[in-house]
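Q: generate a structure from the sequence data that follows.
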Amino acid sequence: MTATRARVDHAVSSGTFSLDGQTFDVDNNIWVVGDDAECVVIDAPHSVEDILAVVGDRTIKAIVLTHAHDDHCRVAPALRAAANGGSGAPIMLHPADRPLWELTHGGPDDETATLWDLDLADGVTIEVGGTTLQVLHTPGHAPGAVCLYAPDLGCVFTGDTLFNGGPGATGRSFSDEDLIKDSIRARLFALPAGTVVHTGHGDDTTIAAEQAGLG
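A: Purely as a prediction, here's the structure:
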C-alpha cells in the first residue's frame with residue numbers, strides 16, 4: 001500500500017453555543033486534514049485566527065462543516081474570505097441543515113444573509129493531500145449532520161454525532177434521539193472497530209469503545 005502524505009492537525013478554540021434562547025460556553029476542536037501543501041478545514045468554530053494558525057501557509061481546498069450549529073459554522077464566511085490570502089475557499093454543508101445555518105447567517109428576508117458554496121451529500125468524496133474523506137450523512141443531532149471518514153488515516157471526524165461517551169445531544173430544536181442512534185449504529189458502527197473517532201468537542205475515542213457503550 002502506498003503511504004499517504006496526509007496528516008491530521010488539531011487545536012481547540014473557545015467561544016459560545018446558542019440555540020433555543022440559551023447560550024453556553026464551549027470548547028470546540030479544530031481539525032485540519034492535509035499535507036504540507038494543501039488541507040481541508042473541518043468546521044469553523046469561534047476564531048478565524050485560531051483556525052489559520054493550524055493551517056499555516058497551506059492552501060485551503062475547502063471548509064467542510066459537519067453541521068450548522070453556530071459554534072461549528074459561525075466564522076465560516078469570515079474564514080472563506082480570509083482563506084488563501086484572500087482568494088477564498090468554498091464552504092461545504094449538507095443542505096438539510098439550512099434552517100440551522102439561517103439562524104446564524106440569515107434567511108431569505110435578510111439582505112445581509114450569506115450561504116455556503118457546495119452541497120454535501122452521502123457518498124461524496126473529498127480529495128486532499130493524497131488521502132480521501134468520505135461523507136457519511138448521519139442525521140439526528142442536526143438534520144444535515146455528516147461525518148467524514150478517512151480510511152487511509154484510520155479515523156473518522158464525527159462533529160457532534162458521536163462523542164467519547166456516546167451520542168451527541170438531541171434535546172434541542174431540529175434534533176432526534178432515535179435518529180441519531182440509528183445513524184450511529186448503521187453508519188459509524190459499520191466502520192472498522194479500531195477507527196479513531198475525532199469529535200467536535202472533547203477527547204478522541206474509538207468505534208469499538210463507543211459500540212461497547214451504545215450496543
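
Q: how much space separates residue 22 from residue 70?
A: From residue 22 across to residue 70, the span is 12 Å (CB to CB, to the nearest Å). Just so you know, the C-beta spots here come from the backbone N, C-alpha and C atoms, and that holds for glycine as well.

Q: oh, that last question was meant for residue 119, not what I typed.
A: From residue 119 to residue 70 the distance is 20 Å (CB to CB).

Q: ok, these two, which is more surrounded?
A: Shown here are residue 119 and residue 70; by other CB atoms under 10 Å, residue 70 has more neighbours (20 against 13).

Q: against residue 178, how distant is the more buried one?
A: For residue 70, the distance to residue 178 (CB to CB) stands at 25 Å.

Q: next: residue 49.
A: 39 Å.

Q: what sits against residue 32?
A: Residues in contact with residue 32 (CB atoms under 8 Å, 6 or more residues apart in numbering) are 8, 9, 10, 39, 40, 41, 42, 51, 54, 55.

Q: restricted to strands, list those.
A: The strands, defined by DSSP state E, take in 8, 9, 10, 39, 40, 41, 42 from the contacts of residue 32.

Q: this protein: helices as residue ranges?
A: Ranges of helices within the chain are 48-55, 70-73, 76-82, 98-105, 177-183, 207-214, based on DSSP state H.

Q: list the contacts of the third one.
A: Under the contact criterion CB under 8 Å, 6+ apart, helix 76-82 has outside partners 41, 44, 48, 51-52, 63, 65, 88-91, 105, 114, 116-117.

Q: now, which of those residues sits nearest residue 134?
A: Residue 134 has its nearest neighbour among those in residue 65, at 15.9 Å by CB to CB.

Q: contacts for stretch 112-119, please.
A: By CB under 8 Å, 6+ apart, the residues outside stretch 112-119 that reach it are 62, 65, 76-77, 80, 90-95, 101-102, 105-107.

Q: sketch out the low-pLDDT regions of the chain for me.
A: For the chain, applying pLDDT under 70 flags the ranges 1-4, 215.

Q: in it, which spans are strands?
A: 7-19, 22-34, 38-42, 59-64, 91-93, 118-119, 125-128, 131-137, 146-150, 155-159, 162-163, 166-167, 196-199, 205-206.

Q: what is the distance between stretch 65-84 and the centre of its chain?
A: Relative to its parent chain, stretch 65-84 has a centroid offset of 10 Å by CA atoms, centre = their mean, to the nearest Å.

Q: only alpha carbons, please: show that stretch as PDB.
A: Only the C-alpha atoms of stretch 65-84 are listed here, as PDB (Å, rounded to 0.1, in the frame of the first residue of the first chain):
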ATOM      1  CA  LEU A  65     -19.000  21.700   8.000                       C
ATOM      2  CA  THR A  66     -20.200  18.700  10.000                       C
ATOM      3  CA  HIS A  67     -23.400  20.600  10.800                       C
ATOM      4  CA  ALA A  68     -24.600  24.200  11.100                       C
ATOM      5  CA  HIS A  69     -24.900  24.800  14.900                       C
ATOM      6  CA  ASP A  70     -23.400  28.300  15.400                       C
ATOM      7  CA  ASP A  71     -20.400  27.000  17.300                       C
ATOM      8  CA  HIS A  72     -19.400  25.000  14.200                       C
ATOM      9  CA  CYS A  73     -20.200  27.500  11.400                       C
ATOM     10  CA  ARG A  74     -20.200  31.000  12.900                       C
ATOM     11  CA  VAL A  75     -16.900  32.100  11.400                       C
ATOM     12  CA  ALA A  76     -17.200  30.100   8.200                       C
ATOM     13  CA  PRO A  77     -17.900  33.100   6.000                       C
ATOM     14  CA  ALA A  78     -15.100  35.100   7.500                       C
ATOM     15  CA  LEU A  79     -12.800  32.100   7.100                       C
ATOM     16  CA  ARG A  80     -13.900  31.700   3.500                       C
ATOM     17  CA  ALA A  81     -13.000  35.400   2.800                       C
ATOM     18  CA  ALA A  82      -9.600  35.100   4.600                       C
ATOM     19  CA  ALA A  83      -8.500  31.800   3.100                       C
ATOM     20  CA  ASN A  84      -5.700  31.500   0.700                       C
END
